[in-house]
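Student: Kindly return the folded structure for what I paste below:
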Amino acid sequence: MSIGSILLQTSIDTFKSAERLGYKTLLQLSYEELHLKPSPESNSIAIIVKHLHGNMLSRWTDFLTTDGEKPSRNRDAEFEEGYDTREALLEAWRSGWELTFETLQELKEEDLLSNITIRGEVHNVIQAISRQIQHYGYHVGQIVYIGKQIKDADWQQLSVPKKASRL
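Tutor: Okay, the predicted model is just below:
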């Protein structure tokens with residue numbers, strides 16, 4: 001296995017881990033809880049999902065050939081309102097990640113050092129993937145943290161529960 005294929009697979013695995021943590025959080029919350037804002041200047045989980053979805057569509061559509069910030073994207077609108085239904089939110093979550101995974105799985109090792117642009121700034125593909133791993137990890141962390149605050153004692157652990165026996 002080459003370094004490039006290991007890098008791609010590791011990136012996909014990292015994104016999948018973030019997707020699972022976020023999804024497990026979303027499943028624990030009601031429609032109302034998904035739209036709850038921790039403070040007036042904070043974003044609800046629904047807004048964070050809307051932003052991630054918009055980012056994913058913009059970044060991963062025609063990834064190698066067009067700027068990652070598409071002219072059709074209205075980033076400011078991603079921070080307004082939420083979703084009409086819980087199902088619409090979950091569909092946005094699913095479709096954004098699906099596009100991310102499809103694009104990553106289509107990449108070839110020789111693509112990794114190709115240059116792409118994001119907001120007019122040149123990045124090689126490795127840098128662009130790394131940038132998105134950091135960005136999505138940041139927002140999934142917010143989703144998990146807000147979800148845990150909302151559910152409090154009813155929170156279902158996403159990974160190893162506290163006081164789990166150690167082998």
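Student: centroid residue for this structure?
Tutor: What sits nearest the mean C-alpha location of the chain, by C-alpha atoms, centre = their mean, is Y136, with 4.1 Å.
Student: Quick one: the helices in the chain, in order.
Tutor: 3-28, 31-34, 45-60, 86-106, 125-151 (DSSP state H).
Student: okay, these, which one's buried deepest?
Tutor: Among the helices of the chain, helix 45-60 has the highest mean neighbour count (mean count of other C-beta atoms under 10 Å), at a mean of 22. Where C-beta positions appear, they are placed from N, C-alpha and C, glycine not excepted.
Student: where does this structure have low pLDDT?
Tutor: Per-residue confidence for the chain (pLDDT under 70) gives these ranges: 164-167.
Student: check contacts around the nearest residue to E69 once chain neighbours are set aside.
Tutor: Excluding its sequence neighbours, the residue lying closest to E69 (C-beta to C-beta, 6 or more residues apart in numbering) is R119, at 4.4 Å. R119 makes contacts with 67-69, as judged by C-beta atoms under 8 Å, 6 or more residues apart in numbering.
Student: top of these by neighbour count?
Tutor: Neighbour counts for the contacts of R119 were taken using other C-beta atoms under 10 Å; the highest belongs to G68, which has 22 neighbours.
Student: do you know how far that residue is from H53?
Tutor: Using C-beta to C-beta, to the nearest Å, G68 is found at 15 Å from H53.
Student: again, but for F79
Tutor: Noted for F79: a distance of 12 Å to H53, by C-beta to C-beta.
Student: Likewise for E78?
Tutor: Counting by C-beta to C-beta, the gap from E78 to H53 is 8 Å.
Student: cool, F63 as well?
Tutor: Distance of F63 to H53, computed by C-beta to C-beta: 16 Å.
Student: which ones are touching I47?
Tutor: Going by C-beta under 8 Å, 6+ apart, I47 touches 37, 78-82.
Student: now the residues you listed in TSV, with distance to L21 and neighbour count?
Tutor: Written out in TSV, the entries for the contacts of I47 read as follows (distance: C-beta to C-beta, whole Å; neighbours: other C-beta atoms under 10 Å):
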residue	distance to L21	neighbour count
K37	21	14
E78	21	19
F79	22	12
E80	26	9
E81	25	12
G82	20	19
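Student: Can I get those in a markdown table including distance to E106?
Tutor: Rendered in a markdown table, the data for those read as follows (distance: C-beta to C-beta, whole Å):
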| residue | distance to E106 |
| --- | --- |
| K37 | 37 |
| E78 | 25 |
| F79 | 30 |
| E80 | 33 |
| E81 | 33 |
| G82 | 31 |
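Student: Next, give me the two most distant ones among those.
Tutor: Maximum pairwise distance in the contacts of I47, criterion C-beta to C-beta, is 14.9 Å, between K37 and E78.
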